[in-house]
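**Student:** please find the sequence and the predicted model below.
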Amino acid sequence: MNWGTKIVLGMLTFMMFIVGMVIYMFHVHGRDALIEENYYEKGINYNAEYLAKVNVIEDNASPKITITKTQIIIQVKDSAKYDLILMRPANSNDDVKINGRTSGTANLILVDKTKMPKGMWFINLKWHSLGKDYLFKNNITL
């Protein structure tokens, strides 16, 4: 085998490596947790999100989060209708989305964590109570 054949084989090997990396990156991109689905729409509605965050501060309505062995218990100030999103930065397939009404007189939101992988999670809790919208974002570790 002469040096010309080796150069051609080296170039073909390098091109196959590049094509493989492109295919891999497109495959991983579909599961990327850092990309929002409605990026532009969220940008347009940012003012409403900001006001909901301000309502949490002004009304001293920050939820109390307790993590037990089997549950995540979130307690809000008043009875509310909520949308809860738990996002895992490592894999968007593990994300948990729950909506409903708080339960009991303690206004609790109960989440079963037995099937949730350990690690860091982003918590995004939106709720509507007493005619106001609230938004709470934080990180938790299971």
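**Tutor:** It's in. Numbers count the residues shown, from 1 in each chain.
**Student:** for this structure, name the helix or strand with the lowest mean pLDDT.
**Tutor:** helix 39-44 (a mean of 79; mean pLDDT, DSSP states H and E).
**Student:** buried stuff in it?
**Tutor:** For helix 39-44, a neighbour-count test (16 or more other C-beta atoms under 10 Å) marks nothing as buried. Bear in mind the C-beta positions are built from the backbone N, C-alpha and C, glycine included.
**Student:** show the average pLDDT along the longest helix that the chain contains.
**Tutor:** Looking across the chain with DSSP state H, the single longest helix is helix 3-29. For helix 3-29, the mean per-residue pLDDT is 90.
**Student:** any weak-confidence spans in the chain?
**Tutor:** The chain contains residues with pLDDT under 70 at 29-37.
**Student:** immediately after the least confident helix or strand of the chain, which helix or strand?
**Tutor:** helix 46-58 (DSSP states H and E).
**Student:** pull the residues that contact that following helix.
**Tutor:** Contact with helix 46-58 is made by 42, 61-62, 126, 132-137, as judged by C-beta atoms under 8 Å, 6 or more residues apart in numbering.
**Student:** list the buried ones in it?
**Tutor:** Those would be 52, 56, for helix 46-58 by 16+ other C-beta under 10 Å.
**Student:** just the CA trace of the helix or strand that comes right after it, in CSV.
**Tutor:** Downstream of helix 46-58, the next assigned helix or strand under DSSP H and E is strand 64-67. The C-alpha trace of strand 64-67 is given here as CSV (Å, rounded to 0.1, in the frame of the first residue of the first chain):
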residue,chain,number,x,y,z
LYS,A,64,-42.9,25.3,51.5
ILE,A,65,-41.3,22.3,49.9
THR,A,66,-40.7,19.1,52.0
ILE,A,67,-39.0,16.1,50.5
